[in-house]
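Trainee: need a 3D model of the following:
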Amino acid sequence: MSDLSNASDQPTRSKWRKRLIISAILILGVGSLGWLVWSWLGADATRPLLEEMARISAAGEPIYPEDFDRDPVADEENAYLFAMAAAEALAMRTSVGDLTDWAKPFDLEKAGQFVCANEEALALVRKARGMTGCDSGLRMRLPLVNSFPACVRNINRLRQLTKTVCVAAKWHHQIGDDLQATELLRDAVRIGRIAETNGVILNHLVAIALDSLTYSCIEEICYSLQVSDSGSPDGLATRRQVEALISELLDEEQLREATVRCYQVERAWNADVALSALRGDAPATASPGGAVMAVLLRPVLKEDAVTSVRRGSSLVEAVGQDNWPAASGTLPEAPDGPDWLARLRNPLSGSVGALNNAVRMRYLVLAMRRMAAIALGVRLYEIDCGVRPAELAELVGEYLPAIPADPFAADGRVISYLPGPARPILYSIGRNGIDDHGKYADDPEDWPDPDYDVPFFLDGNRPHGKPEGEPATASRPPS
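Mentor: Now for the predicted structure:
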């Protein structure tokens with residue numbers, strides 16, 4: 001009986017052996033064919049992207065890592081090194097959060113201790129402002145992703161440093177030393193530009209946050225700033241100091257160049273990531289699973305590679321525009337559909353929506369910067385004449401070279417002004433492009449609503465929302 005059983009098993013085993021051999025041959029054949037197709041696609045896939053990069057370079061714009069190299073700066077003339085030394089010297093770091101929390105009363109005694117503990121750091125910041133050169137020493141090289149940790153390493157330090165300078169400015173103002181407070185505000189303006197030295201988008205976004213903090217500090221101090229023509233032993237700021245601060249705020253050339261550079265670096269970054277993915281040498285493809293995904297996604301990557309770089313070029317063009325309406329007209333369209341589908345269809349340019357929002361934030365902060373400069377001019381006029389001007393045109397000539405344009409207006413109108421005694425404000429018409437005549441929220445005690453005008457409070461009394469327990473007013477529905 002067992003002999004018959006063994007005899008019947010032999011054909012079955014032979015059949016399965018043949019199937020396994022045939023399957024192995026098929027797998028090897030398909031694999032070889034896939035390898036040949038992969039090799040052919042590899043050369044073809046990168047060609048359109050390399051041609052697009054060459055076109056950008058031929059137009060005189062940076063796209064290759066070495067295009068972003070800076071001329072070296074001597075250590076003794078390098079603002080970046082002095083700023084980093086200042087950040088390293090910071091003391092009582094945990095206190096700065098409480099002292100910059102708008103929800104808490106400003107503790108003058110604690111602030112005084114904090115400022116005294118940070119005299120060395122503040123002195124180094126002052127030296128940094130006096131330096132014309134700024135170089136972190138970083139030189140980007142392929143693959144660019146390896147440069148990222150070095151680019152963002154000191155972001156938190158600069159954030160802490162700016163907060164420290166603003167606390168010091170506010171403390172000096174409150175003890176009557178506006179001469180020192182004004183100098184510290186100028187220091188804070190300079191840190192914002194130092195923050196963009198390495199030129200990646202994350203540095204730019206942090207610089208936006210630092211600038212916002214600085215302009216808020218100017219808003220708090222400006223209305224009661226004490227100024228004389230020559231200053232005094234009692235701590236009055238000098239007119240020359242305030243005029244220098246106004247001039248620095250109105251000089252936007254360095255700001256524009258740094259912003260454009262950040263978006264150019266982002267475009268180069270996208271190009272490098274795309275090339276690495278198409279060639280199969282990206283870090284994400286090092287594992288077997290990553291390599292398989294690279295094979296599966298290669299047709300999508302091939303299509304999206306040039307698109308991502310061209311979208312980067314649109315962003316570069318947008319941030320170079322004079323106002324938000326012009327910029328929004330050149331922004332790339334975000335991929336359609338849900339986020340997960342957009343990432344699948346456009347793996348290299350799926351973040352374009354977030355970058356478009358970052359461009360809009362640039363113009364928001366630009367509006368605050370211009371309004372800070374105007375507010376200082378209004379304060380000088382008020383000191384001279386005893387009242388604020390009836391209209392901003394009265395500032396032109398002696399206090400301001402011209403009234404800055406509203407960066408959210410398409411028609412070239414200037415920043416608007418409501419001098420009323422109840423709550424005098426400067427304002428921009430904001431992202432919706434509609435003049436709401438200074439209305440910034442449904443309830444004047446609420447936080448300013450981004451769907452209304454963008455205010456700058458000339459009495460320093462920015463509302464921070466209703467007291468705890470009271471319902472907030474409903475936000476205006478999106479227009």
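Trainee: not counting residues beside it along the chain, what's closest to residue 162?
Mentor: Spatially, and ignoring its direct neighbours in sequence, residue 162 is nearest to residue 210 (4.5 Å; Cβ to Cβ, 6 or more residues apart in numbering). Heads up, the C-betas are built off the backbone N, CA and C, glycines and all.
Trainee: any idea how far the residue most central in space within the chain lies from residue 259?
Mentor: Closest to where the C-alpha atoms of the chain average out (Cα atoms, centre = their mean) is residue 205, at 1.7 Å. Counting by Cβ to Cβ, to the nearest Å, the gap from residue 205 to residue 259 is 11 Å.
Trainee: who does the host helix or strand of the residue nearest to the centre of the chain touch, helix- and strand-wise?
Mentor: Using DSSP states H and E, residue 205 falls within helix 201-222. Here helix 201-222 touches helix 148-152, helix 155-174, helix 178-194, helix 253-279, helix 352-385, strand 454-457, going by 3 or more Cβ pairs under 8 Å, 6 or more residues apart in numbering; DSSP states H and E.
Trainee: JSON lines for those, including mean neighbour count and distance to residue 17?
Mentor: Formatted as JSON lines, the helices and strands packed on helix 201-222 follow (neighbours: other Cβ atoms under 10 Å; distance: least, Cβ to Cβ, whole Å):
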{"stretch": "helix 148-152", "mean neighbour count": "15", "distance to residue 17": "53"}
{"stretch": "helix 155-174", "mean neighbour count": "23", "distance to residue 17": "63"}
{"stretch": "helix 178-194", "mean neighbour count": "24", "distance to residue 17": "72"}
{"stretch": "helix 253-279", "mean neighbour count": "21", "distance to residue 17": "41"}
{"stretch": "helix 352-385", "mean neighbour count": "21", "distance to residue 17": "55"}
{"stretch": "strand 454-457", "mean neighbour count": "24", "distance to residue 17": "77"}
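Trainee: export these to CSV and append columns for distance to residue 423 and mean pLDDT.
Mentor: Formatted as CSV, the helices and strands packed on helix 201-222 follow (distance: least, Cβ to Cβ, whole Å; pLDDT from 0 to 100):
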stretch, distance to residue 423, mean pLDDT
helix 148-152, 40, 69
helix 155-174, 21, 94
helix 178-194, 23, 96
helix 253-279, 29, 88
helix 352-385, 14, 94
strand 454-457, 7, 96
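Trainee: dump those to TSV, plus distance to residue 245.
Mentor: TSV is the format used below for those (distance: least, Cβ to Cβ, whole Å):
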stretch	distance to residue 245
helix 148-152	29
helix 155-174	11
helix 178-194	5
helix 253-279	15
helix 352-385	6
strand 454-457	15
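Trainee: quick one: which of those is nearest residue 19?
Mentor: Using Cβ to Cβ as the measure, helix 253-279 is the one of the helices and strands packed on helix 201-222 that comes nearest residue 19, at 37.5 Å.
Trainee: ok so, going back, next up, the contacts around the residue nearest to the centre of the chain.
Mentor: For residue 205, the contacting residues are 358, 361, by Cβ atoms under 8 Å, 6 or more residues apart in numbering.
Trainee: for residue 152, see how far away the closest residue to residue 46 other than its chain neighbours is.
Mentor: Once flanking residues are discounted, residue 46 sits nearest to residue 278: 5.1 Å by Cβ to Cβ, 6+ apart. Using Cβ to Cβ, residue 278 is found at 26 Å from residue 152.
Trainee: do a quick rundown of the strands in this protein.
Mentor: Along the chain, the stretches classed as strands by DSSP state E are 227-228, 237-238, 416-418, 425-428, 454-457.
Trainee: please identify the most buried of those.
Mentor: Comparing these by mean neighbour count (mean count of other Cβ atoms under 10 Å), strand 425-428 ranks first with a mean of 26.
Trainee: that one: how far from the chain's middle?
Mentor: Chain-centre distance of strand 425-428: 23 Å, with Cα atoms, centre = their mean, to the nearest Å.
Trainee: which helices and strands sit right next to it?
Mentor: Strand 425-428 is packed against helix 352-385, strand 416-418, strand 454-457, with contacts defined by 3+ Cβ pairs under 8 Å, 6+ apart.
Trainee: low-scoring stretches of the protein, by residue?
Mentor: Applying pLDDT under 70 to the chain picks out residues 1-16, 24, 28-45, 145, 148, 150-151, 231-233, 280-299, 334-350, 465-479.
Trainee: again, only using 50
Mentor: By pLDDT under 50, the low-scoring segments of the chain are 1-2, 4-5, 36, 39-40, 284-287, 466-479.
Trainee: now the helices and strands packed on strand 425-428 in a markdown table, with distance to residue 248?
Mentor: Below are the helices and strands packed on strand 425-428 laid out as a markdown table (distance: least, Cβ to Cβ, whole Å):
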| stretch | distance to residue 248 |
| --- | --- |
| helix 352-385 | 9 |
| strand 416-418 | 22 |
| strand 454-457 | 17 |
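Trainee: ok, which of those comes nearest residue 305?
Mentor: Proximity to residue 305 (Cβ to Cβ) singles out helix 352-385 among those, at 14.1 Å.
Trainee: elements contacting the closest one?
Mentor: With contacts defined as 3+ Cβ pairs under 8 Å, 6+ apart, helix 352-385 has these neighbours: helix 201-222, strand 227-228, helix 239-250, helix 253-279, helix 288-319, helix 324-328, strand 425-428, strand 454-457.
Trainee: mind giving me the domain ranges of this structure?
Mentor: 2-60+262-350, 66-251 (automatic domain parsing).
Trainee: next, format those domains as a markdown table and append distance to residue 444.
Mentor: Formatted as a markdown table, the domains of the chain follow (distance: least, Cβ to Cβ, whole Å):
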| stretch | distance to residue 444 |
| --- | --- |
| domain 2-60+262-350 | 25 |
| domain 66-251 | 16 |
